Structures are given as structure tokens and as C-alpha cells.
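A.B. asks: give me coordinates for this.
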Amino acid sequence: MDIEAFSVDLQQRVISRCELEGDEAFRESAFTQIVIDFLSESGELDDAEACAHRAYGIQVNGYSISEYDERIDLIVSIHCDQAPPQTIPKDEVSAAFKRLRKFADKALSGYQFEVEESTPVFDLAQRIYQARTTVAAIRLILVTDGVVKGEPPKDVEDGDVSISHHVWDIERIYRCWSSGREREPIEVDFLTEYGELIPCLTQPVPNSQYSTYLAIFPGTILSALYGKHGPRLLERNVRSFLQARGKINAGIRRTILREPEMFLAYNNGLSCTAEAVSVEQAPGGGIGIRSLKDLQIVNGGQTTASVFHAQKKDKADVSGIFVQAKLTVLSDPARMDEVVPLVSKYANSQNKVQTADLEANSAYHRRVEELSRTIWAPARDGSQRQSHWYYERARGQYQDDVAREGTPARQRDFKTTSPQAQLFTKTDLAKFIYTWGAKPHIVSRGAQSCFSDFTVSLAQHVEEEKPVDQDYFERVVAKAILFREADNIIKGRYKGYKAQLVTYTLARIADQWRKTIDLGQIWREQSVPDPVKQTIAVVAEAAYRHITENSQGGNVTQYCKKEDCWKSFAQTEIPMPTGLLGMAKVPARISVGRTNASERSPLSGSDIQKAMAIAPDAWFRLGEWVSKSKGFTALDREIASSIALSIGYGKQPNPKMAKDGIRIIESARQQGFKG
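C.D. replies: Okay, the predicted model is just below:
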């Protein structure tokens with residue numbers, strides 16, 4: 001696929017995304033999200049989010065803020081919506097960067113006080129304002145489906161903050177995509193960028209497969225490398241940074257702060273790989289590394305990040321710190337993807353890295369991929385044509401498969417049987433599973449963080465769900481259908497927080513009414529039943545109130561990432577919505593207290609005892625009865641059905657629910673209800 005075909009394909013993906021989300025008017029936002037997904041998967045961004053905001057002289061389309069608030073990435077979009085791509089005038093590029101820089105300046109000065117509190121840009125502005133004392137670097141990133149000629153504006157220093165400018169135009173995106181790499185390679189010229197060579201020794205005996213260098217990295221350069229490239233520097237299959245909570249990380253930090261001169265003796269160092277290396281004679285004798293192509297730290301990520309965070313967060317002096325590194329340069333760069341995980345696996349590690357972390361349980365993902373190519377989803381809407389739900393295990397697979405079809409007619413047929421609207425990726429898979437698994441706080445942390453957590457727990461997930469067969473795949477797709485339907489229902493109803501509301505809403509539904517919702521039915525019908533749609537709308541309203549009212553004036557998106565947010569929402573009382581009543585399956589009654597009909601008496605004992613003495617099926621019939629009778633409300637029906645489920649699952653209704661339930665049933669009996 002050449003760049004013109006790639007440009008057309010990107011344009012069609014934008015259109016498809018807009019159609020899928022029912023949002024034809026916002027192609028710029030769809031384009032921004034597609035590029036954000038690409039850059040996040042490539043490691044260029046760390047769980048970025050789209051956030052479109054434009055005012056006089058101001059524009060921002062997305063952002064990413066690092067864990068310790070030391071780096072802020074801000075994104076601005078120029079969406080031309082033209083294929084073949086057009087050249088973006090230099091003045092337009094400059095103006096876009098100026099609008100983005102003005103937003104950054106105003107946000108650092110308190111822009112949240114000028115915008116409406118319920119909008120996503122309020123959260124972004126507030127987050128930047130809160131990070132104003134810790135931020136060390138701001139990256140201004142322009143993304144466009146056009147072609148940018150010339151260099152971006154020069155990087156500048158604004159006080160203690162470095163501000164850099166980056167352009168991802170259609171040509172750069174295409175180069176990265178067509179290279180077949182998962183990411184854009186990191187190239188470092190140490191002499192040009194840092195003013196010195198990295199002292200090293202070479203292996204004494206030549207090897208036809210690889211070259212090895214033993215090097216000593218100054219702490220200042222190692223910190224600068226991580227500050228510039230962030231998690232991109234760390235091999236993607238290894239957990240990037242485990243934070244300073246474990247004993248090993250705390251020890252690294254303590255050594256940096258208290259005994260920096262002993263760091264080289266105490267630390268196990270790094271294992272690195274590169275595609276190519278350039279060495280020169282050092283001024284004082286010996287040799288030094290001048291430059292590296294495609295540098296990756298495959299083991300020692302926590303050491304690298306710890307040095308950086310100690311310098312930035314603790315204001316530690318790392319000039320006296322040195323870190324040893326073993327650098328492996330393969331003679332055949334094509335073997336990099338094969339060898340790097342093995343280097344990670346066998347290298348000495350300060351925090352044991354499990355094989356599951358290194359291989360991302362590729363057997364599982366390949367199995368899901370295999371199922372997605374062979375299982376036909378039922379036809380919908382009376383159509384006879386079945387289709388596949390396409391699992392894109394590796395980035396670009398779908399476009400590659402389309403291109404391999406050859407003729408336009410065969411490509412159209414492929415897109416019909418595997419429509420792009422039914423494509424889902426590894427990060428999508430993790431979101432669907434974690435949402436239904438009642439982990440919305442983890443989903444809210446971002447696609448890459450969610451997938452990383454899912455990878456670590458994947459062995460346990462497979463053990464609990466096994467076998468990974470057709471039934472498993474159908475359940476996954478049903479969760480995908482639910483997720484996308486919830487997204488469609490919630491979109492536009494609230495001013496912001498759509499991503500958080502979708503996962504919190506479905507997690508609460510799964511947590512409270514999992515047994516009521518038939519995933520098999522959703523798979524068979526390839527759609528969400530109306531009662532479940534109604535439930536999504538009801539629970540979303542409760543979720544919106546919860547996250548906005550309980551953040552206590554803080555950042556709502558940050559609040560949603562906390563487990564406390566989920567735990568408190570899970571305990572919020574939400575009566576069973578009316579629509580679910582007809583779908584509810586009455587569970588077998590668990591014997592609690594008196595169950596003999598002759599002993600049931602709503603006139604004696606506490607309200608809870610009275611409610612418990614009435615069988616679940618009677619409460620369900622009461623719900624149906626009041627829905628058709630005058631003098632009762634929809635809430636009365638929901639209360640009756642909620643009591644039925646509570647008693648059926650062996651739980652007591654809470655006092656208020658029981659009191660209301662007794663009031664409803666006594667009133668209904670006076671009007672002729674038999675039960």
C-alpha cells in the first residue's frame with residue numbers, strides 16, 4: 001500500500017468511526033482518536049485521551065500526562081479530510097502550534113476557572129494547573145492527515161520547563177506503519193545531544209550473530225533519555241515501571257538519595273539492544289559509543305525510571321551516579337522481535353519478570369485471533385449474510401488482509417464479511433473483559449494501562465474462563481456489543497466523561513444484575529435487548545451523579561481511576577430498572593427464616609422479616625401488577641423486583657427498601673392483589 005492508498009484508507013476509517021458512533025459532524029475528533037490510538041500503541045504517547053476544545057486563539061485536541069506529572073503531552077489536529085494528502089502551509093502549522101501553546105500557558109495559569117466545570121477541558125486544565133510545580137517537560141504535538149514540509153518550531157526553555165515541538169503528518173505516520181514495526185525506532189547521537197561519548201568495552205571474541213558492548217551510562221544521560229523518550233525506551237513486553245512501592249524500587253531510590261557513589265556497586269545494571277551502533281576513539285583513550293539506532297532497554301526499566309523520578313520528584317543530584325549496561329547489537333536486525341523477548345527473559349532482573357509478562361500470553365491472543373476468523377456471527381435484521389468479528393492481534397493486520405485480497409471486488413467482499421465496525425484490538429479486548437469483570441477504575445486509567453494490567457493477570461483469567469473456545473469468544477463479542485451500545489447511548493447525553501461513564505455503567509450492571517442479562521441472547525441477536533438499553537440509560541445517570549458529586553471538586557477523570565470511586569459506586573443503591581423485570585429469572589429460593597406459606601405474615605415482626613417472608617415470585621408478580629394498576633409508579637415496580645432478586649439470592653433487602661416494599665404490597669392487596 002503506497003501513501004496515497006494509505007491516505008484513502010485512513011479517510012475511510014475516519015468515516016467508518018463517525019458512522020459507528022453516529023457522529024458525522026465530528027470527523028476531526030474521530031481522526032484525532034485514530035491517531036492517538038496509533039501513537040499510544042507505538043509507545044509515542046502514554047495512554048492519551050482525546051479532548052477537543054477551541055476558543056479564541058486556543059486549541060487542543062488531546063493530551064497525555066505522565067504518572068508523576070513531570071511531562072505533559074498536548075495534541076493539536078489539522079484534519080484536511082482529503083486524499084491524496086495536501087501540503088499544509090507553514091503559516092498554518094505555526095498557527096496551530098501557537099494555539100496549542102497558548103492553551104498550555106493559560107492552563108498552567110488557571111484556565112479551569114474560565115471554562116464550564118462539567119466539560120472535559122475543565123478536567124484537563126485543572127490537571128495541568130495541579131502539575132504546574134512538578135512539570136519538567138511539555139511536548140506540543142501536531143497530528144495531521146496532510147503533509148508538513150520543513151521543520152517544526154525550535155524547542156525552547158520556559159523557566160524550568162522544556163517545551164518541544166513534534167509533527168506527526170501523514171508521511172511520518174505512513175513510514176511508521178509501513179515499516180512493519182510496532183513503534184518508531186529511537187535514534188540517539190550521544191556526542192551531538194549530550195556532548196560526550198558513552199565509554200565502553202567490546203567483546204574480545206567476534207561473533208557472527210551479534211556484537212556485545214559493556215558500557216557505563218552517566219545518571220544524567222540515562223535520566224535525560226527517559227525524560228525525552230519515556231516508556232518508548234522500555235521494551236513493550238516488559239512491565240515498564242513498578243513504582244517505588246516494592247522493596248527493590250525503594251532500595252534503588254534510597255541508594256540514589258543517600259549513597260549515590262555506591263550505585264554502580266549495588267545495582268545490577270541494564271540489558272539493552274540496538275539495531276546498529278557507531279563507536280569512536282575517546283579523547284582520553286579507549287573507545288566510546290557515539291550513536292545508537294533503535295535503542296531499547298529490555299531489562300532494567302525500573303532502574304532507568306527510578307533515576308529519572310528521583311531527579312525530578314526528589315530533586316536528587318544524579319551527576320555522581322553511573323549505571324553499567326550490556327548492549328547487544330544483532331547482525332540480523334530482522335531477528336530483533338525474536339531475540340529481544342529472550343534477552344528480557346534470561347537477563348538478571350531485580351524484580352522477577354514472569355514469562356507471562358514477556359510473552360503477553362501470545363498463545364491466548366493467537367487463539368482469539370483464530371476463533372475470530374472461523375466463527376460466523378448470526379445474521380441480523382432478517383439478512384441471510386453472516387459476518388466475522390475480526391480480532392486484530394497485531395497493528396495493521398486488518399489493512400494487510402484487505403490488501404491481500406487483490407482486486408477491488410474481493411476487497412469489498414472481505415469488508416462485507418469482516419466489516420470494520422466489527423473489528424476490535426487487544427486494548428479493546430482488555431476493556432471489554434475488565435468492564436464486565438467490574439474493574440472500571442482500571443479501564444479508566446487508559447487503554448495501554450488497562451492492557452498491561454490484563455496481560456499480567458491473563459494466566460489467571462484463562463484459568464478461570466477456560467476453555468478459550470467458541471462459547472468464550474461469543475461471550476467476548478457479546479461484551480463488545482454491550483460496550484459499543486452503551487457508548488452510543490451515553491454519547492451526547494452528558495457534558496464529558498463518556499469513556500468513564502461507559503465502563504462504570506456496564507461494570508455496575510454486571511456487578512448487580514449479571515445473572516439477569518443473557519450474553520448468549522446478545523450474541524444470537526447481535527444486538528442489545530431494549531430492557532438492557534433502558535437499564536444502561538438509568539445506571540448511566542446514577543454513574544454521572546456519582547463521579548461528579550463525589551470527586552469533591554477534584555479532577556473527575558482522576559477520581560474515576562481510583563478503586564475507592566468504584567467501591568463507593570458499587571455500594572450505591574440502584575433499584576432494578578423496570579425494563580429488566582421481564583428478563584429476570586427467578587432464582588431458587590435460599591432458605592432464610594420462615595418460608596412456610598402458613599407462617600408468612602406481613603403484619604408481624606420488622607419490615608425486613610415481613611419482606612423476607614414473602615416468596616420472590618410473589619414480589620415479581622407484584623411488580624407486574626403495579627405496572628398495570630393506577631396509583632403506583634415505575635419506582636414501585638423497581639422496588640418490588642429488587643426485593644425479589646435480593647431474597648432469591650439469599651440476601652436481605654435494606655430497611656428502607658423493605659419498608660417501601662411492605663407499603664406497596666399492602667396497598668396493592670387493598671386493591672385486589674393476591675400474593
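A.B. asks: assumed Val318 was part of a helix.
C.D. replies: No. With DSSP: H, G, I helix; E, B strand; the rest coil as the criterion, Val318 is assigned coil and is not in a helix.
A.B. asks: ok, it - how many residues close by?
C.D. replies: By the measure other CB atoms under 10 Å, the count of residues near Val318 is 23. For glycine as for every other residue, the C-beta is placed from the backbone atoms N, C-alpha and C.
A.B. asks: could you give the backbone dihedrals for it?
C.D. replies: phi -100, psi 10 (degrees, to the nearest 10).
A.B. asks: pLDDT at the residue nearest to it when sequence neighbours are not counted, what is it?
C.D. replies: The shortest distance from Val318 to any non-neighbouring residue, by CB to CB, 6 or more residues apart in numbering, is to Gly219 (3.5 Å). We have a pLDDT of 94 for Gly219.
A.B. asks: ditto for Ser591
C.D. replies: 34.
A.B. asks: pLDDT at the residue nearest to Phe432 when sequence neighbours are not counted, what is it?
C.D. replies: Counting by CB to CB, 6+ apart, Lys479 is the residue found nearest to Phe432 once chain neighbours are left out, at 4.2 Å. Looking at Lys479, its pLDDT stands at 97.
A.B. asks: and Lys479, how many neighbours does it have?
C.D. replies: 23.
A.B. asks: what does the one 3 residues further on give?
C.D. replies: Burial measure for Leu482: 25 neighbouring residues, criterion other CB under 10 Å.
A.B. asks: before we move on, what about Pro575?
C.D. replies: Neighbours around Pro575, by other CB under 10 Å: 18.
A.B. asks: check Arg621 too.
C.D. replies: Neighbours of Arg621 using other CB under 10 Å come to 18.
A.B. asks: would you tell me what the next helix or strand after the helix or strand hosting it is?
C.D. replies: Using DSSP states H and E, Arg621 sits within helix 616-627. Counting by DSSP H and E, the element after helix 616-627 in chain order, helix or strand, is helix 634-648.
A.B. asks: list the buried ones in the helix or strand just after that next one?
C.D. replies: Per DSSP H and E, helix 634-648 leads on to helix 655-670 as the next helix or strand towards the C-terminus. Using 16 or more other CB atoms under 10 Å as the test for burial, helix 655-670 gives 657-662, 664-665, 668.
A.B. asks: just the closest of the residues you listed to Ala83, please.
C.D. replies: Nearest to Ala83 out of the buried residues of helix 655-670 is Met657 (CB to CB; 58.3 Å).
A.B. asks: my guess is the closest one meets Ser641, correct?
C.D. replies: No. Under the criterion of CB atoms under 8 Å, Met657 makes no contact with Ser641, lying 11.0 Å away.
A.B. asks: overlap in contacts of those two?
C.D. replies: Shared contacts of Met657 and Ser641, defined by CB atoms under 8 Å, 6 or more residues apart in numbering, comprise Pro575.
A.B. asks: what about Pro153, distance to Ile138?
C.D. replies: 13 Å (CB to CB, to the nearest Å).
A.B. asks: what about the two, which has more around it?
C.D. replies: Neighbours were counted for Pro153 and for Ile138 using other CB under 10 Å; Ile138 has more, 23 against 16.
A.B. asks: on the three-state scheme, that one is what?
C.D. replies: strand.
A.B. asks: tell me the contacts of it?
C.D. replies: Here Ile138 is in contact with 71-74, 104, 161-164 (CB under 8 Å, 6+ apart).
A.B. asks: quick one: which of those sit in helices?
C.D. replies: By the criterion of DSSP state H, membership of the contacts of Ile138 in helices covers Ala104.
A.B. asks: need the contacts of Ile138 in CSV with distance to Pro283, neighbour count and pLDDT, can you?
C.D. replies: CSV is the format used below for the contacts of Ile138 (distance: CB to CB, whole Å; neighbours: other CB atoms under 10 Å; pLDDT from 0 to 100):
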residue, distance to Pro283, neighbour count, pLDDT
Arg71, 33, 25, 86
Ile72, 38, 25, 93
Asp73, 37, 22, 94
Leu74, 40, 25, 97
Ala104, 40, 22, 96
Val161, 33, 17, 86
Ser162, 28, 17, 85
Ile163, 33, 19, 91
Ser164, 30, 16, 90
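A.B. asks: okay, the contacts of Ile138 in a markdown table with distance to Ala615 next?
C.D. replies: Shown next, in a markdown table, are the contacts of Ile138 (distance: CB to CB, whole Å):
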| residue | distance to Ala615 |
| --- | --- |
| Arg71 | 60 |
| Ile72 | 59 |
| Asp73 | 59 |
| Leu74 | 60 |
| Ala104 | 63 |
| Val161 | 67 |
| Ser162 | 70 |
| Ile163 | 69 |
| Ser164 | 68 |
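A.B. asks: among the contacts of Ile138, which one lies nearest to Arg410?
C.D. replies: Checking the contacts of Ile138 one by one against Arg410 (CB to CB), the nearest turns out to be Asp73, at 40.5 Å.
A.B. asks: what helix or strand does the nearest residue to that closest one once chain neighbours are set aside sit in?
C.D. replies: In space, and not counting its chain neighbours, Asp73 is closest to Ser64: 4.2 Å by CB to CB, 6+ apart. Here Ser64 sits within strand 58-65, counting by DSSP H and E.
A.B. asks: ok, that strand: who's next to it in the sheet?
C.D. replies: strand 49-55 (antiparallel), strand 71-78 (antiparallel) (DSSP bridges).
A.B. asks: tell me which of those strands is the most buried.
C.D. replies: strand 71-78 (a mean of 24; mean count of other CB atoms under 10 Å).
A.B. asks: mind saving the C-alpha coords of that strand as PDB?
C.D. replies: The C-alpha trace of strand 71-78 is given here as PDB (Å, rounded to 0.1, in the frame of the first residue of the first chain):
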ATOM      1  CA  ARG A  71       5.700  15.500  31.500                       C
ATOM      2  CA  ILE A  72       2.600  16.800  29.600                       C
ATOM      3  CA  ASP A  73       1.900  15.900  26.000                       C
ATOM      4  CA  LEU A  74      -0.600  18.200  24.300                       C
ATOM      5  CA  ILE A  75      -2.100  17.400  20.900                       C
ATOM      6  CA  VAL A  76      -3.500  19.700  18.200                       C
ATOM      7  CA  SER A  77      -5.100  18.400  15.000                       C
ATOM      8  CA  ILE A  78      -5.200  19.700  11.400                       C
END
